[in-house]
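Q: I need the structure of the sequence given here:
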Amino acid sequence: MCGSSSAKADIIPVDIVSNLMIVAAAHRTYTKYESIPVIHCCSGALNPVQWHFIVNFIERFFRAYPLNECYRIPSTHFHSSRFLFEFNFYMKHMGPAYLIDLLNAFWGPKIRLTRIYQKVLRLVETLHYFTARGWDFDSKGLLELWETTSDEDKKIFNFDVRQLDWDSYLFDYLMGVKRYVVKDRLEELPKARRNLSWLKLYATIFNAIIWWISVRIFARQRSRRYRWFSGSIGFLLTYIWSNYNFRPPVRLKSLEEYKQRTNF
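A: Next up, the predicted model:
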């Protein structure tokens, strides 16, 4: 993605919006105002979450609960530089997609990955205006409505954004994508994790080969010990890069906790 990682992502769950609309409509029926009241249903002012937290959470989630048909190691990046975003996109995504489409044209199924990535790019372009800016909306009207709502209605139509647990919400959201959009079965999770382990091994071997070739080309006049040392360091760094995550930890639910919560 391209944008500001420190900007607020003013995300709001749809059930909170629905509850607020119901309560606001009922409240407006019995309350008279001299002017039209404005109620912003937003999270930025009351329970803010930044893009860097969401991006980190997504990567952590899909490394712990990978998709069944995963062809790359899950990684997420938020670029403030347009140049770095396009360089990363075409080097890591569009470039390999062109190569795979070329191979598929002769030996494989007629799957056009480039068309898929072009759609992804258009989606990213649409979101760029919002991801590159922080948003602050006055939530005074929401708080006033919450204070006038009865305790019984607060339990039934809870629209208090301050009670939202972002770790729990994002986990359920991403697990919903995995189960209901991608149609992955949780029973196949061990297989998906084994597949991810193989991908990490392949990535380590591939990167080590690239290091070895680079050392052979650019350090061919150096001593043999120097070349072996440089190659070993490169292999170690690529292994650490592929298998370890140095981003801040997040609170992920266990599979058992998720099943109990959703009555799975």
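
Q: Can you list the low-confidence ranges for the stretch 1-150 of the chain?
A: 108-111 (pLDDT under 70).

Q: try 80 this time
A: Scanning the stretch 1-150 of the chain for pLDDT under 80 picks out 1, 105-112, 135.

Q: which residues in it form helices?
A: With DSSP state H, counting those that start in this stretch, the ranges of helices along the stretch 1-150 of the chain come out as 14-30, 51-64, 82-89, 95-106, 113-131, 140-148.

Q: so how far is stretch 116-125 off the chain centroid?
A: 15 Å (CA atoms, centre = their mean, to the nearest Å).

Q: Tell me which of the helices of the stretch 1-150 of the chain lies nearest to V177.
A: For those, proximity to V177 was assessed by CB to CB; helix 51-64 is nearest, at 9.6 Å. Just so you know, the C-beta spots here come from the backbone N, C-alpha and C atoms, and that holds for glycine as well.

Q: From A9, how far off is H77?
A: Counting by CB to CB, to the nearest Å, the gap from H77 to A9 is 16 Å.

Q: Kindly report the same for S35.
A: Taking CB to CB, one finds S35 at 31 Å from A9.

Q: Mind checking which of those two has more residues around it?
A: Higher neighbour count among S35 and A9: A9, with 21 against 5, using other CB atoms under 10 Å.

Q: residues in contact with that one?
A: A9 makes contact with V49, Q50, W51, I54, T131 under the criterion CB atoms under 8 Å, 6 or more residues apart in numbering.

Q: The third one is in contact with D10, isn't it?
A: In this case it means W51. No - contact criterion CB atoms under 8 Å: W51 and D10 do not qualify, at 10.5 Å.

Q: Whichever helix in the chain runs longest vs helix 51-64, what angle?
A: Of all segments of type helix in the chain, defined using DSSP state H, the longest is helix 189-218. Here helix 189-218 runs at an angle of 110 degrees relative to helix 51-64 (axes from the mean of the first three to the mean of the last three CA atoms, to 10 degrees).
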